[in-house]
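S.K.: Only the shape, not the letters, is given here:
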């Protein structure tokens, strides 16, 4: 069993290294890719804070298989994501402020990457009631003809260490 685990991780490291070398050979260094992904994340924050759907649309892939998993459901396809997340969910607030922290961007290849991070969200419901939440999120990105795009998001609340929770 130990040899299988060692072989798996060694293979994963070699594949990851070869993908990064491939990205470099295609003209984009890992640092350049990370900077481009960071710009997508920055625009994600802008889209949430302002509910600017044109900004949101510019960072999401228009592929049919894009998805967004979050505590209130699972949206599939841009229209569903747009209508629920940027409409119903975020639209229930008059003010929104999303802050990302501990962002880690990982480059798998010249056309695939992901980021994980924690976030703090301060908002005001339309009736004036304040709201504050924290959570964690993973975003998966694909390099398309017009730049890096989000193809999947999964977010949840903070981890719990309480007995009989978090399974």
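M.R.: Right, received. Where do you want to start? Predicted model, so just to flag it, every value in this text is computed and none were measured.

S.K.: after the helix or strand containing residue 35 comes which helix or strand?
M.R.: Assigned by DSSP states H and E, residue 35 falls within helix 30-50. Moving toward the C-terminus from helix 30-50, the next helix or strand (DSSP H and E) is helix 53-59.

S.K.: rewinding a little: buried residues, the helix holding residue 35. List them.
M.R.: By neighbour count on 16 or more other CB atoms under 10 Å, the buried set for helix 30-50 is 30, 33-34, 36-37, 40-41, 43-45, 47-49. For every residue, glycine as well, the C-beta is placed using N, CA and C.

S.K.: This protein: strands as residue ranges?
M.R.: All strands of the chain, identified by DSSP state E, fall at 67-70, 73-76, 93-109, 112-125, 130-144, 147-156.

S.K.: want to throw those into JSON lines with mean neighbour count?
M.R.: Formatted as JSON lines, the strands of the chain follow (neighbours: other CB atoms under 10 Å):
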{"stretch": "strand 67-70", "mean neighbour count": "18"}
{"stretch": "strand 73-76", "mean neighbour count": "14"}
{"stretch": "strand 93-109", "mean neighbour count": "15"}
{"stretch": "strand 112-125", "mean neighbour count": "17"}
{"stretch": "strand 130-144", "mean neighbour count": "16"}
{"stretch": "strand 147-156", "mean neighbour count": "18"}
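
S.K.: And the residue nearest the centre of the chain?
M.R.: Nearest to the geometric centre of the chain sits residue 139, at 2.2 Å (CA atoms, centre = their mean).
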